Structures are given as C-alpha cells and as structure tokens.
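**Q** Let's see this in three dimensions:
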Amino acid sequence: MFTVYALYSPEYDKIYLGYTSDLDARILSHNTLGTKGWTIKYRPWVLVYTEEHVTKAEAMQREKELKSAKGRAFIWGQVRLKFPK
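**A** Numbering: from 1, shown residues only. I've put the predicted structure just below:
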C-alpha cells in the first residue's frame, strides 16, 4: 500500500504533498530526521490529509493530480477546516 499525504506548516502557512509506503517514517523524516530538502525549512509539519492506494503508480498519479491548481485548492480547503483563520 502507498499513502498520498498532505502536510501543513502552521508557522509558515505552507503545504507539502507527497507519497510513501511508510507514512510514519516519512513524517518523522520531514519533522526530525531529514537534514536536507525543502521541508526542513518549514518545520514542524502537521498531517492534514491522507489517501491509500494499492500501487505506486496510482499514488504517483494522485499526487500529481493534487499538485494541480484544483488539487491544491482541495488541500487548502482541508487545511482551513483544521486550522481556521
């Protein structure tokens, strides 16, 4: 199984979209263990959305859809439900 996920940085008002086969390890990497990459600048991250997919190809396709303008609008809607301004 593969998980497509969205993270939110409340401190910086940023979102991050990705997919993984081990969500717990991936979130730990984004928040603590990672030493390089875009996400380390905007810690801490909060998980705001997940979807499960059977294949990696499906997860990659869905991640691509969520990175479109329409997909990002959907994710921002999820963020605003959990973090109203």
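**Q** helix or strand for Glu58, which one?
**A** Assigned by DSSP states H and E, Glu58 falls within helix 56-66.
**Q** List the buried residues for stretch 4-12?
**A** Neighbour-count burial for stretch 4-12, counted by 16 or more other CB atoms under 10 Å, picks out 4-9. Quick note: C-beta positions are derived from backbone N, CA and C, even for glycine.
**Q** between those, which is closest to Lys56?
**A** The shortest approach to Lys56 among the buried residues of stretch 4-12 belongs to Val4, at 10.7 Å (CB to CB).
**Q** Isn't the closest one up against Lys64?
**A** No. Under the criterion of CB atoms under 8 Å, Val4 makes no contact with Lys64, lying 9.8 Å away.
**Q** Please spell out which residues along the helix holding Glu58 are buried.
**A** Those would be 59, 62-63, 66, for helix 56-66 by 16+ other CB under 10 Å.
**Q** what does the longest helix belonging to the chain rub up against?
**A** If each helix of the chain is counted by residues according to DSSP state H, the longest one is helix 69-82. Applying CB atoms under 8 Å, 6 or more residues apart in numbering, the contact partners of helix 69-82 are 6, 8, 15, 17, 46, 48-49, 65-66.
**Q** now the angle between helix 56-66 and that helix, please.
**A** 80 degrees (axes from the mean of the first three to the mean of the last three CA atoms, to 10 degrees).
**Q** What mean pLDDT does helix 69-82 get?
**A** Mean pLDDT, helix 69-82: 97.
**Q** do stretch 34-50 as well
**A** The average pLDDT within stretch 34-50 is 96.
**Q** Return the set of buried residues in it.
**A** 39, 42, 45, 47-49.
**Q** ok, and what's touching stretch 43-61?
**A** 1-11, 15-16, 19, 21, 23, 27, 30-31, 39, 62, 75, 78-79, 82-83.
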